[in-house]
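Chemist: just a sequence and a predicted model for now, questions to come.
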Amino acid sequence: MVMRSVAVLLVAVLFAGALVVVPLGATAQQTVLSPVLTIDSERMFRDSEFGQRLASEVESQGSTLGSENRRIEAELAAEEKELTDLRPTMAPEEFRILADKFDAKVQEFRAAQAAKTRSLNQLLDVERTEFLQAAAPILEQLMIEAGAAVILERRSVFLTSNSVDITDEAVIRLNEAQAGVPQNEAPQDKP
């Protein structure tokens, strides 16, 4: 019974909220008056030039790491085959020494590559944070223009009107704001 009451209340609030959505003016995406706005932050990242630049950098580094992994794995596979071929011709003690050295080499490779992967993931986290910091003033301005008190992640909202989604406008404004940022100040040039 309580769940039904909550559901009815939620639907009533959503419909009431939809009634107060009033267009302000004509922009690329009409700005609306609404206390609640929604955004698809993943799409904002993916569709903005800033996000595309960051994603391209991380993808490039990931591709380089993947190529390096495949090259080293091929070298290790060849070395393992040589070691396996030598086994019948060696004393067990001699073979064990070589096998232990090979195992240590493999473990070292795995640890080094895991560290590189963690570093790449950390870079992505840092760059996403920078992206959100660059987007924050734009999102704040959109909130002010709409008279909104909150921006919700669109994927977390059960039901919403497209008129309160500011993703497209945020992408446009972020691209405009980043157009004047010199490339040497862009996050892609970090060590």
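Modeler: Now that the structure is in, tell me what you want to look at.
Chemist: backbone dihedrals for R118, please?
Modeler: Main-chain dihedrals, R118, degrees, to the nearest 10: phi -60, psi -40.
Chemist: E108 versus that one, what's the distance?
Modeler: R118 sits 16 Å away from E108, going by Cβ to Cβ, to the nearest Å. Using the backbone N, CA and C atoms, a C-beta is placed for each residue, glycine as well.
Chemist: one more: G180?
Modeler: Between G180 and E108 the distance is 46 Å, computed by Cβ to Cβ.
Chemist: go on, L120?
Modeler: Distance of L120 to E108, given as Cβ to Cβ: 19 Å.
Chemist: what's the answer for T129, then?
Modeler: For T129 relative to E108 (Cβ to Cβ), the value is 32 Å.
Chemist: cool, A177 as well?
Modeler: 45 Å.
Chemist: these two: which is more packed in?
Modeler: A177 (16 against 10; other Cβ atoms under 10 Å).
Chemist: what residues does the helix or strand where that one lies touch?
Modeler: Applying DSSP states H and E as the criterion places A177 in helix 167-178. For helix 167-178, the external contacting residues (Cβ atoms under 8 Å, 6 or more residues apart in numbering) are 27-29, 31, 38-40, 43-44, 47-50, 134-135, 137-139, 141-142, 154.
Chemist: now a ChimeraX select for only the buried ones of these.
Modeler: Here is the ChimeraX command that picks out the buried ones among the contacts of helix 167-178, judged by 16 or more other Cβ atoms under 10 Å:
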select :29,31,38,39,40,43,44,47,48,50,134,135,138,139,142,154
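Chemist: name the residues of the helix or strand where R70 lies that come out as buried.
Modeler: Here R70, judged by DSSP H and E, is contained in helix 49-86. Of all the residues in helix 49-86, those buried under the rule 16+ other Cβ under 10 Å are F50, G51, R53, L54, A55, E57, V58, G62, I72.
Chemist: what mean pLDDT does it get?
Modeler: On average, the pLDDT along helix 49-86 is 93.
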